[in-house]
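> Any chance you can model this:
(one chain, ligands or ions: 1)
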Amino acid sequence: MSSSDLSALLSWFTRNGASYDTSSIGFKDFEAKEGGRGAVALQDIPEEHVLFTIPRSLTLSTRTSSLPNVFGMEDWKRHKLDEGWAGLILCMMWERAQGSSSRWAEYLGTVYYGTLRTPTDPLCTDTLPTAFDTPMFWNADDLKELKGTSIVVTEKLGKQDAERDYNEKVLPAVTFRPEIFAAESIPLYYTLEQYHIMGSRILSRSFDVERWEGEEDLNEVANTSSGSAMDVDIPESEREGTPEEEEEDPVDVSMVPMADLLNARFGSENAKLFHEDRELRMVSTKPIKAGEQIWNTYGDLPNAELLRRYGHVDLLPLTEDEVGNPGDVVEIRADLIVSAIAPDGLSFESAKERIDWYLEEGGDDVLVVESDADLPQAMILLIRLLTLPDDEWKKAKQKGKLPKAKADAQALGIASRVLEDRLSQYPTNIKDDEALLTAESSLNKRHAIVVRLGEKRILSTALEKTQQLIAAEKTSNGGNKRKRPEGGHEDSSRKSRTKPRK
Ligand SMILES: C[S@@+](CC[C@H](N)C(=O)[O-])C[C@H]1O[C@@H](n2cnc3c(N)ncnc32)[C@H](O)[C@@H]1O
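Predicted coordinates for the structure are as follows:
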């Protein structure tokens, strides 16, 4: 995709009530590591300058597309198209199939200077991508490289869920109404491949768009999707509502032409999308110098999330000789904690009962170690809960009180095993990865190495810090007076475990 292909889109944009400050914002091809095509400041831009505005009618969502009404709201809901992204994906496929009569023809790449295109036309890449670097599209060999990363460990790829939605919601809806979805158009516009393409466009480019005050509810579709792709500012005052209003999700996952041309980089945001009554406005949040890129970040996400949603990673200097993403985190599943305690005599039944209660009390089944590599309080709490003697556990449950997250020697010892176990989920160690990174030329594999290296560095630092805490704990308890024989104490059952990888 090149910035020179944007003229058709820009002329469609202004013809349809949108506007942009042609003296301040332009588009150019930056280096691939800076996001490729993106927006550039054509002159010095002051803070709070409106770069462009988009009428709400030009955003593409289940509330602006007429498909839900044409289909009939009752049937729409019966096919569960009001849940998740399936409805919006179907709207995008249908709008694409409408050819030049769709309001978004130029945006969806259907029409290029009056010429109609089919979805397989290689030219239809001037605005929205048809190919992605996200793991959703990787082959099995590349996917193996992600083993151990938060993407795989917490099963976030979502390919099977997407295929299930396609087979259980979209295909039945399409075949149910042949007068809307002509049989001959199905192999062209409504295939699983097109479904994945549209889904990935939403994942990497959509915004959560706040519903307008007093706006007519076009299709009455409550969009329950979560995980906005891009950064949008919803003023505090607009978030308030009566408890009944709050029950309904107040945002629509929406495609926002032009706004989705801005790239993102950790800590670099200088523009943000603001809501006005009838339009969205992209406004500078800092002074931007002529020639600088205009960034709209996605919430400074860790590399695992950037790769999963957008197909890229952020690499910034972390120390003198390390680059990485300062927003990286590591996710640890609660069941890893259960298995780390099991050798100390925790029964499956007892663990299950305690975990069920912990989840009922609002505990999370995934624990997050942040980039500061401190042990998460939730991990200590869970360890303490799982190691409570039976009588204390019964009392805690009766009182409805979770134990305090006190990092005592036992909790620290178990936490240290959990970190070792988590590190052993990756097939390579830090040194391997550092060497592989300099030799690897495939983009997917490089991205996978960057993700797992960032996570392993956090885990390794967390392990070091935990071991220092254990040593300090021993000193303060006089535990250092007698040297413990090697393999003694609670680690005896773990002698054969993988050594921490550095
Ligand atoms: C919202 S779009 C931005 C516009 C996009 N560059 C284009 O040409 O249409 C998001 C996509 O841009 C690319 N991108 C954005 N920021 C990036 C960055 N810092 N490094 C590499 N690629 C980036 C990724 O492919 C991502 O999925």
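> switch to C-alpha atoms for all contacts and neighbour counts from now on
Will do.
> do you know how far residue 454 is from residue 367?
From residue 454 across to residue 367, the span is 17 Å (CA to CA, to the nearest Å).
> the more surrounded of the two?
The residue with more neighbours, out of residue 454 and residue 367, is residue 454; 26 against 19, by other CA atoms under 10 Å.
> and that one, what element?
helix 443-476 (DSSP states H and E).
> Surely residue 55 and residue 15 touch.
No. Using CA atoms under 8 Å, residue 55 is not in contact with residue 15, being 11.5 Å away.
> Which residue of the two possesses the greater neighbour count?
Between residue 55 and residue 15, counted using other CA under 10 Å, the more crowded position is residue 55 (18 against 10).
> next one: phi and psi at that one?
phi -60, psi 150 (degrees, to the nearest 10).
> Got the confidence number for it?
At residue 55, the model reports a pLDDT of 96.
> ok, what's across the strand from it?
residue 279 (DSSP bridges).
> Find the residue closest to the residue of the stretch 101-250 of the chain found nearest the ligand in space, skipping its chain neighbours.
The nearest approach of the stretch 101-250 of the chain to the ligand comes at residue 205, 4.5 Å away (CA to the nearest ligand atom). In this structure, residue 205 finds its nearest non-sequential neighbour in residue 260, 5.4 Å apart by CA to CA, 6 or more residues apart in numbering.
> Assess the claim that that neighbour and residue 203 are in contact.
No. The criterion here is CA under 8 Å, and residue 260 misses it with residue 203 at 11.3 Å.
> Quick one: the helices in the stretch 1-150 of the chain, in order.
Counting by DSSP state H, counting those that start in this stretch, the stretch 1-150 of the chain has helices at residues 7-15, 67-71, 73-78, 86-97, 140-144, 150-153.
> Pull the contacting residues for the nearest residue to residue 297 once chain neighbours are set aside.
Using CA to CA, 6+ apart and skipping the chain neighbours, the partner closest in space to residue 297 is residue 264 (4.2 Å). By CA atoms under 8 Å, 6 or more residues apart in numbering, residue 264 lies in contact with 35, 295-298.
> Dump those to JSON lines, plus pLDDT, distance to the ligand and neighbour count.
Putting the contacts of residue 264 into JSON lines (pLDDT from 0 to 100; distance: CA to the nearest ligand atom, whole Å; neighbours: other CA atoms under 10 Å) gives the following:
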{"residue": "35", "pLDDT": "94", "distance to the ligand": "3", "neighbour count": "19"}
{"residue": "295", "pLDDT": "98", "distance to the ligand": "8", "neighbour count": "24"}
{"residue": "296", "pLDDT": "96", "distance to the ligand": "8", "neighbour count": "29"}
{"residue": "297", "pLDDT": "88", "distance to the ligand": "8", "neighbour count": "22"}
{"residue": "298", "pLDDT": "71", "distance to the ligand": "9", "neighbour count": "22"}
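> which of those lies closest to residue 389?
residue 298 (44.7 Å; CA to CA).
> count of residues packed around the residue nearest to residue 205?
When neighbours are defined as other CA under 10 Å, residue 260 has 19 of them.
> For it, which three-state class applies?
helix (DSSP: H, G, I helix; E, B strand; the rest coil).
> Make residue 1 into 403 and carry on from there
Right, with 403 as the first residue, what we last looked at is residue 662.
> Can you tell me how far it is from residue 608?
For residue 662 relative to residue 608 (CA to CA), the value is 7 Å.
> So which residues of the stretch 603-752 of the chain form strands?
Assigned by DSSP state E, counting those that start in this stretch, the stretch 603-752 of the chain shows strands spanning 608-612, 634-635, 653-657, 673-677, 681-686, 695-696, 718-719, 725-726, 732-735.
> Would you mind finding the most buried of those strands?
Compared across the strands of the stretch 603-752 of the chain, strand 695-696 shows the largest average neighbour count, a mean of 26 (mean count of other CA atoms under 10 Å).
> what packs against that one?
If you count contacts as 3 or more CA pairs under 8 Å, 6 or more residues apart in numbering; DSSP states H and E, strand 695-696 packs onto strand 439-443.
> Would you mind listing the outside residues contacting the strand it packs on?
In contact with strand 439-443 (CA under 8 Å, 6+ apart) are residues 403-405, 426-432, 663-665, 690-697.
> quick one: low-confidence ranges for the stretch 553-702 of the chain?
Confidence mapping of the stretch 553-702 of the chain against pLDDT under 70 gives the ranges 615-651.
> Who are the contact partners of residue 806?
783, 786.
> separation between it and the ligand?
From residue 806 over to the ligand the distance is 41 Å, taken as CA to the nearest ligand atom, to the nearest Å.
> isn't the residue of the stretch 503-652 of the chain closest to the ligand right up against residue 657?
Yes. If you go by CA under 8 Å, residue 607 and residue 657 touch, sitting 6.8 Å apart.
> quick one on the thing from earlier: would you list the contacts of residue 666 in JSON lines and tack on distance to residue 862?
Listed next are these as JSON lines, based on distance: CA to CA, whole Å:
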{"residue": "437", "distance to residue 862": "30"}
{"residue": "697", "distance to residue 862": "32"}
{"residue": "698", "distance to residue 862": "32"}
{"residue": "699", "distance to residue 862": "28"}
{"residue": "700", "distance to residue 862": "27"}
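> OK, contacts around residue 742?
Contacts for residue 742 (CA under 8 Å, 6+ apart) come out as 816, 819-820, 823.
> how about residue 444, phi and psi?
phi -80, psi -20.
> so what's it up against?
Contacts for residue 444 (CA under 8 Å, 6+ apart) come out as 425-428, 692-693.
> Would you mind measuring from it to residue 505?
From residue 444 to residue 505 the distance is 30 Å (CA to CA).
> cool, residue 809 as well?
59 Å.
> circling back: return a PyMOL selection command for the buried portion of the contacts of strand 439-443.
Per 16 or more other CA atoms under 10 Å, the buried members of the contacts of strand 439-443 correspond to this PyMOL selection:
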select buried, resi 403+405+426+427+428+429+431+432+663+664+665+690+695+696+697
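> Between the helices of the stretch 403-552 of the chain, which one is closest to the ligand.
Of all the helices of the stretch 403-552 of the chain, helix 409-417 comes closest under CA to the nearest ligand atom, at 11.9 Å.
> How about the closest one and the ligand, any contact?
No. Counting by CA under 6 Å from any ligand atom, the ligand has no neighbours in helix 409-417; the shortest distance is 11.9 Å.
> ok, now which ones touch residue 705?
714-716, 727, 729-730, 852-853, 856.
> Just the buried ones among these, please.
714-716, 727, 729-730, 852-853, 856.
> Including pLDDT and distance to the ligand, could these go into a markdown table?
A markdown table is the format used below for these (pLDDT from 0 to 100; distance: CA to the nearest ligand atom, whole Å):
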| residue | pLDDT | distance to the ligand |
| --- | --- | --- |
| 714 | 96 | 5 |
| 715 | 97 | 6 |
| 716 | 96 | 6 |
| 727 | 97 | 11 |
| 729 | 96 | 14 |
| 730 | 98 | 15 |
| 852 | 97 | 13 |
| 853 | 98 | 14 |
| 856 | 97 | 16 |
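> what about the nearest residue to residue 419 once chain neighbours are set aside, distance to the ligand?
Once flanking residues are discounted, residue 419 sits nearest to residue 457: 6.5 Å by CA to CA, 6+ apart. Distance from residue 457 to the ligand, counting by CA to the nearest ligand atom: 19 Å.
> give the contact list for residue 457.
Taking CA under 8 Å, 6+ apart as the criterion, residue 457 is in contact with 419-420, 680-682.
> Not counting stretch 851-865 itself, show me its contacts.
Residues from elsewhere that reach stretch 851-865, judged by CA under 8 Å, 6+ apart: 547-548, 550-551, 705-706, 715, 726-727, 730-732, 771-777, 818, 821-822, 824-825, 828, 831-832, 835-836, 838-839, 902-904.
> Show me which of these are buried.
By neighbour count, with 16+ other CA under 10 Å, the contacts of stretch 851-865 hold 547-548, 550-551, 705-706, 715, 726-727, 730-732, 771-773, 775-777, 818, 821-822, 824-825, 828, 831-832, 835, 839, 902-903 as buried.
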